[in-house]
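Asker: Below are the sequence and a predicted model; questions follow.
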Amino acid sequence: MVKIEDKERLRRTLYAIDRRGYKAYKQIEGAYDFGAYMLFIDHAQGDPFAPPSAVRVRVDQRVAQIPADLLTTRTRRIAVADYLARQVALQLRRLIKGHRGSGKSGMIVIDAGHQEVLERTAMVVNRDFVEARLSVGLPAYGRTVQAQEAVEIFFDEIPRVVERSLMARQLDLSALRAHVGVVEDQAVLREKLDEMGLVAFVGDGAILPRVSGASDAPMPADRAVKFQSPPSLRVQVEVPNAGTITGMGIPRGVTLIVGGGYHGKSTLLRAIERGVYDHIPGDGRERVVTVSGAVKIRAEDGRSVEKVDITPFITNLPFGKSTVDFSTDDASGSTSQATNIIEALEVGATLLLLDEDTSATNFMVRDARMQALVAKDKEPITPFIDRVRELYTEQGISTILVMGGSGDYFDVADHVIMMDHFHPVDVTAEAKEIIRTWPSQRRREAPAPFAPPPARIPQPESFPRPKPGKPLKVQAKGLRHISFAKHTIDLSLVEQLVDESQTRAIAAALVTGLGRYIDGRHSLEEIVEAFERDIFEHGLDRLASGRHPRGDLAWPRRFEVAATINRLRGIRMRQRR
Ligand code: ADP
Ligand code: MG
C-alpha cells in the first residue's frame with residue numbers, strides 16, 4: 001500500500017524543487033488526498049520531451065454518486081466510463097491553459113477514444129469509485145522545474161476538471177442515461193441477431209457515409225442520404241431503451257451487394273464491418289450492428305504466411321510448391337486473400353465480409369470463357385464463387401459480398417441487394433429471373449469438398465521473449481504498426497482495427513499475456529481464447545507490464561490479436577492434424 005499524503009505536502013515539494021533539474025520531479029511521485037478525490041502521481045517523466053507523466057484521479061462513489069442502476073452490467077459500466085472519459089476530454093479542452101513552457105509542458109490528455117465505445121483503461125468505473133487516468137506534461141523552463149505552473153495544474157486545473165466531469169451533481173444525467181441506453185441497445189441487438197437468423201442489422205435513418213476518407217465522423221445530415229430499408233428485408237426489433245426499431249435485416253447465408261459505381265456499396269459494407277463495435281450517439285451508425293464473428297477479408301499482397309492450409313482455394317502451384325502448409329514471405333493477391341479467409345475461420349469467424357474493391361479478381365471469379373481457354377489443371381485457384389455456398393451450407397459461415405462486376409455470383413446468392421443512389425433495393429427476384437433467362441455457362445470447379453482448416457500451434461522458440469537482464473522491446477507505432485523485438489508487424493490492411501489503443505493493447509499483450517500460452521501445445525485459437533477470457537475476468541489492466549496502471553489501452557478483438565501473430569515475420573507454426 002502506498003502512503004497517502006496530504007495535498008499540502010505536494011505543494012510544498014513542488015515549491016522546494018522549483019528551478020531545479022527536471023529529474024527532481026521524481027520526488028512528487030506518490031498518493032495525495034485532495035478531499036473530494038485521491039491523486040496518484042504514478043510516474044513523473046524524466047524530461048520535458050519524454051512521454052508525459054502518468055497521473056490518476058480517483059473519486060469515491062460516495063462523492064461521485066454515479067446512479068447505481070447505471071453500473072449493474074458490464075456493458076453499462078463500459079458505457080458510463082466512455083461517457084465520463086469524453087466529459088473529461090471536453091472539460092480539459094475548455095478549462096486548461098495547455099502549453100506552459102518547453103516540450104509537453106502543461107498538456108493534460110485522456111485517451112477518450114473515437115467513434116466507437118470500447119472497454120478502455122482511461123477510465124475505470126465500478127461500484128466503489130470512478131478513476132480517470134491522465135497524461136500530464138509536467139511544466140518546465142528549458143529543462144528545469146517550473147513549480148508555480150505545476151501548482152496551477154494540480155491545485156487549480158485538475159480539481160476543476162474533476163468537479164465538472166466526474167461528479168454526478170455536475171453532470172447532465174439525462175445525457176449520461178441516453179449514452180448508456182444507446183450503447184446498451186447495440187449490445188442487446190447484437191446478441192439478438194442470432195436468434196433472429198440475421199448476421200447484420202442496418203437501422204432505418206442511419207447515416208453510413210463519413211465526412212471524408214480521412215475522418216470517421218458522420219457526413220453532415222444535409223448531404224447524407226439516410227438509410228431506408230427495402231420492405232422485403234425490413235425487420236422490427238425490440239430493444240430495451242429505444243423500444244421498437246426497424247431496419248434492414250441481413251439474413252444468414254450469402255448476400256450480394258450490387259449496383260453501379262459510386263452508388264454506396266462500399267460505404268454500406270464498411271458500416272457493417274464496423275458494426276462489430278458499439279458507436280456513440282450521433283455517430284450515425286448507432287443502429288448498425290453486426291455479429292461479433294464478422295471478419296473483413298481482403299487481398300494483402302506482400303504479407304508473410306506461415307503454414308496455412310489454403311488447399312480449399314489454391315492447389316498445384318508452379319514447381320510443386322505446397323499449399324497444404326503454405327508459407328511465404330511475400331504472398332500474392334490471391335494467396336494472401338485465401339490465407340486471410342483460412343486464418344479467420346481458424347479462430348472462429350462466422351461471417352466473411354468482402355469488397356470487390358479490395359479483392360484479387362482472379363480469387364473472386366473465373367468466367368466460362370476463361371475456363372474454356374485455361375484448363376482447370378493449369379489454374380491453381382478455386383475461385384471464391386465456387387466455395388461461398390458450400391461455406392454456408394456445410395460450415396455455417398455466411399458471407400456479405402460487394403460485387404458490381406460479375407453476375408455469375410447470382411447463382412450462389414441467397415439475397416441480392418442493389419444500392420441505387422444510396423438506397424438499398426431488394427433485387428433478389430430479378431437476379432433469379434436473370435439466371436433463368438441467361439444461364440451462366442461456367443462450371444463449378446472445386447476439386448474436393450471444403451474441409452475446416454487444421455489448428456496451428458505457434459512454436460515457442462520462434463516467438464521473441466525477454467532474456468535475463470534484457471527486456472523485450474515492444475511499441476505500437478500508431479494504429480497500424482507494432483515494433484516487436486527486431487520485427488515490425490504491419491497491420492495496415494487489418495481493417496477492423498480501429499483505435500490505436502487497441503494496437504497498444506495488442507502490443508502489450510505480446511509481452512505480458514500471449515507469450516505465456518505460446519508453449520508449443522496451445523493452438524492459435526486456444527491462445528486467443530485464453531487471452532479473451534483473461535481480459536474478461538481480470539480486465540485490461542492485466543496487460544500493463546510496468547509498475548503502474550496504464551490509461552492508454554482499449555479492448556482488441558480476438559481476430560485482430562490473431563492477425564497480429566499471423567503477421568509476425570519469423571513466427572513458426574506446426575499444424576495439428
Ligand atoms: P461504391 O462502392 O458503390 O462505388 P461508395 O460506397 O464508395 O460507392 O460511395 C461513393 C461516394 O458516395 C463516397 O464518397 C461516399 O462517401 C458517398 N456516399 C455513400 N453513401 C452515401 C449516402 N448514403 N449519402 C451520401 N453520400 C454517400
Ligand atoms: Mg466500392
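Answerer: Yep, that arrived. Ligands and ions are numbered 1, 2, ... in the order given.

Asker: Give the residue spans of the stretch 301-450 of the chain that score low on pLDDT.
Answerer: Across the stretch 301-450 of the chain, nothing is flagged by pLDDT under 70.

Asker: how about the residues of it near ligand 2?
Answerer: residue 357 (CB under 5 Å from the ion). Yep, even glycine has a C-beta here, placed from its N, CA and C like the rest.

Asker: Point me to the residue of the stretch 301-450 of the chain nearest ligand 2.
Answerer: Nearest residue of the stretch 301-450 of the chain to ligand 2: residue 357, at 4.4 Å (CB to the ion).

Asker: Share the number of residues neighbouring that residue, please.
Answerer: 13 (other CB atoms under 10 Å).

Asker: Spatially, which residue comes closest to it, not counting chain neighbours?
Answerer: The shortest distance from residue 357 to any non-neighbouring residue, by CB to CB, 6 or more residues apart in numbering, is to residue 266 (5.7 Å).

Asker: Confirm for me that that neighbour is in contact with residue 355.
Answerer: Yes. Residue 266 lies in contact with residue 355 (CB atoms under 8 Å); the separation is 5.5 Å.

Asker: what residues are shared contacts of these two?
Answerer: Common neighbours of residue 266 and residue 355, counting by CB atoms under 8 Å, 6 or more residues apart in numbering, are residue 402.

Asker: which of the two has more neighbours?
Answerer: Between residue 266 and residue 355, residue 355 has the larger neighbour count (other CB under 10 Å), namely 22 against 18.

Asker: bridging residues for the more buried one?
Answerer: residue 402 (DSSP bridges).

Asker: got a list of what residue 557 touches?
Answerer: Taking CB under 8 Å, 6+ apart as the test, what residue 557 contacts is 276, 292, 496.

Asker: of all the residues you listed, which comes closest to ligand 2?
Answerer: residue 496 (17.4 Å).

Asker: What parts of the chain come near ligand 1?
Answerer: 208-209, 219, 224-225, 259, 261-267, 419, 422 (CB under 6 Å from any ligand atom).

Asker: Out of those, name the ones that lie in helices.
Answerer: 265, 266, 267 (DSSP state H).

Asker: Leaving out chain neighbours, which residue sits closest to the residue in the stretch 451-577 of the chain positioned nearest to ligand 1?
Answerer: Nearest residue of the stretch 451-577 of the chain to ligand 1: residue 495, at 14.3 Å (CB to the nearest ligand atom). Nearest residue to residue 495, sequence neighbours excluded (CB to CB, 6+ apart): residue 296, at 4.7 Å.

Asker: Using PDB, list the CA coordinates for the helix or strand harbouring that neighbour.
Answerer: Assigned by DSSP states H and E, residue 296 belongs to strand 294-297. The C-alpha coordinates for strand 294-297 follow below in PDB (Å, rounded to 0.1, in the frame of the first residue of the first chain):
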ATOM      1  CA  ALA A 294     -17.600 -10.800 -38.600                       C
ATOM      2  CA  VAL A 295     -14.200 -10.500 -40.300                       C
ATOM      3  CA  LYS A 296     -13.300  -8.300 -43.200                       C
ATOM      4  CA  ILE A 297     -11.400 -10.200 -45.800                       C
END
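
Asker: Report all helices and strands that it contacts.
Answerer: Contact partners of strand 294-297 among helices and strands, from 3 or more CB pairs under 8 Å, 6 or more residues apart in numbering; DSSP states H and E: helix 265-274, helix 333-346, strand 351-355.

Asker: Can you list the strands that it pairs with?
Answerer: strand 351-355 (parallel).

Asker: check contacts around residue 178.
Answerer: Contact analysis of residue 178 by CB under 8 Å, 6+ apart lists residue 281.

Asker: In three-state terms, how would it be classified?
Answerer: Classification of residue 178 using DSSP: H, G, I helix; E, B strand; the rest coil returns helix.

Asker: and the residue of the stretch 451-577 of the chain nearest ligand 2?
Answerer: For the stretch 451-577 of the chain, CB to the ion, closest residue to ligand 2: residue 495, 13.6 Å.

Asker: What of the chain?
Answerer: residue 266 (3.2 Å).

Asker: where does the chain dip in pLDDT?
Answerer: Filtered on pLDDT under 70, the chain yields the residue ranges 1.

Asker: can you list the domains in it?
Answerer: 4-171, 294-437, 455-576 (automatic domain parsing).

Asker: from the chain's centre, how far out does the strand holding residue 296 sit?
Answerer: Strand 294-297 has its average C-alpha position 12 Å from the chain's average C-alpha position, going by CA atoms, centre = their mean, to the nearest Å.

Asker: Does the residue nearest the centre of the chain lie in a helix or a strand, and which?
Answerer: In the chain, the C-alpha nearest the mean C-alpha coordinate belongs to residue 497, at 3.9 Å (CA atoms, centre = their mean). Under the criterion DSSP H and E, no helix or strand holds residue 497.

Asker: count of residues packed around the closest residue to it other than its chain neighbours?
Answerer: Spatial nearest neighbour of residue 497, excluding adjacent residues (CB to CB, 6+ apart): residue 560 at 4.8 Å. Other residues within reach of residue 560, judged by other CB under 10 Å, total 20.

Asker: again with residue 54
Answerer: 23.

Asker: Kindly state the beta-bridge partners for it.
Answerer: residue 43, residue 135.

Asker: Residue 135 is in contact with that one, correct?
Answerer: Yes. Between residue 54 and residue 135 there is a contact under CB under 8 Å: 6.8 Å.

Asker: Give the residues shared as contacts by these two.
Answerer: Contacts common to residue 54 and residue 135, judged by CB under 8 Å, 6+ apart, are residue 551.

Asker: touching ligand 2 at all, stretch 200-210?
Answerer: No. Counting by CB under 5 Å from the ion, ligand 2 has no neighbours in stretch 200-210; the shortest distance is 12.1 Å.
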